[in-house]
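# below is the sequence, then the predicted model.
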Amino acid sequence: MRIRTEIGVLRSGFLIALVSWASIVSAEPVKYSPPDKAFEVMFPEKPECKEQKLEVVTGKAVMHVCSYANVDAQLFYSVTYYDGLLVPHHVDSAEALKGAMNGAATATSSTIVESHSSEINGFPALESVMRDQNGLISLSQYVLANQRLFSIEFAGWRGRVPKEAVNAFMNSFKINVKP
């Protein structure tokens, strides 16, 4: 089982996207892959991608967030990845993934309901379920592949989460780089 689909959390800043992005009805899912083809994922519809430049200890990095929000159904899908931000070799992958998960929980005032280590395409991963103070739930997977951090998230409200759609989205996430 990759991750339970009952409860979770939304990452910081994405709630605004959930409220403000309108959806356009489409019958076909849309495959998304970044320019370097490091991963691929199937969104229910075309995602909107934004980037934010970051100053980090090692220099400059770019955070990319590609997301799709179905405002009517109050469902949110996203993937986040970074350019120029590599996790140093001496950092334990489990600790790096746990730090990413804890950072997301702190940023959204969420409670981690459950988490467990896993592997995605041969890379270490951490899957989590979180709930924020308003009851918004999310499922997240954090993956460390060749020193790069990737995350995929789904958020929605308890009782309104279409399990088949969530599973299709979460299970479509594939890392294309080689270990």
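Looks like it arrived, so ask away.

# quick one: buried residues of the longest helix seen in the chain?
As assigned by DSSP state H, the longest helix anywhere in the chain is helix 93-107. Neighbour-count burial for helix 93-107, counted by 16 or more other Cβ atoms under 10 Å, picks out 93, 96-101, 104-105. In short, each C-beta sits where N, CA and C put it, glycine included.

# which residue lies farthest from the center of this structure?
His90 (24.5 Å; Cα atoms, centre = their mean).

# would you quantify the distance from that residue to Val65?
Shown here: His90 relative to Val65, a distance of 28 Å by Cβ to Cβ, to the nearest Å.

# before we move on, what about Tyr32?
For Tyr32, the distance to Val65 - Cβ to Cβ - is 12 Å.

# which neighbours do the two share?
Shared contacts of Tyr32 and Val65, defined by Cβ atoms under 8 Å, 6 or more residues apart in numbering, comprise 49, 79.

# who has more neighbours out of the two?
Val65 (20 against 17; other Cβ atoms under 10 Å).

# need the three-state assignment for the closest residue to the more buried one other than its chain neighbours.
Spatial nearest neighbour of Val65, excluding adjacent residues (Cβ to Cβ, 6 or more residues apart in numbering): Thr80 at 5.0 Å. Under DSSP: H, G, I helix; E, B strand; the rest coil, Thr80 falls in the strand class.

# tell me if I'm right that Thr80 and Arg148 touch.
No - in this structure, Thr80 is not within contact of Arg148 by Cβ atoms under 8 Å, at 11.2 Å.

# secondary structure element for the spatially most central residue of the chain?
For the chain, the residue nearest the mean C-alpha position is Ile152 (2.2 Å; Cα atoms, centre = their mean). Using DSSP states H and E, Ile152 sits in strand 148-157.

# pull that strand out as CSV, backbone CA atoms only.
C-alpha atoms of strand 148-157 as CSV (Å, rounded to 0.1, in the frame of the first residue of the first chain):
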residue,chain,number,x,y,z
ARG,A,148,17.4,16.1,-5.3
LEU,A,149,14.2,16.4,-3.2
PHE,A,150,10.9,15.8,-4.9
SER,A,151,7.4,15.9,-3.3
ILE,A,152,4.0,15.0,-4.5
GLU,A,153,0.9,16.0,-2.6
PHE,A,154,-2.9,15.7,-2.7
ALA,A,155,-5.2,17.6,-0.4
GLY,A,156,-8.9,17.6,0.3
TRP,A,157,-11.6,17.4,2.9
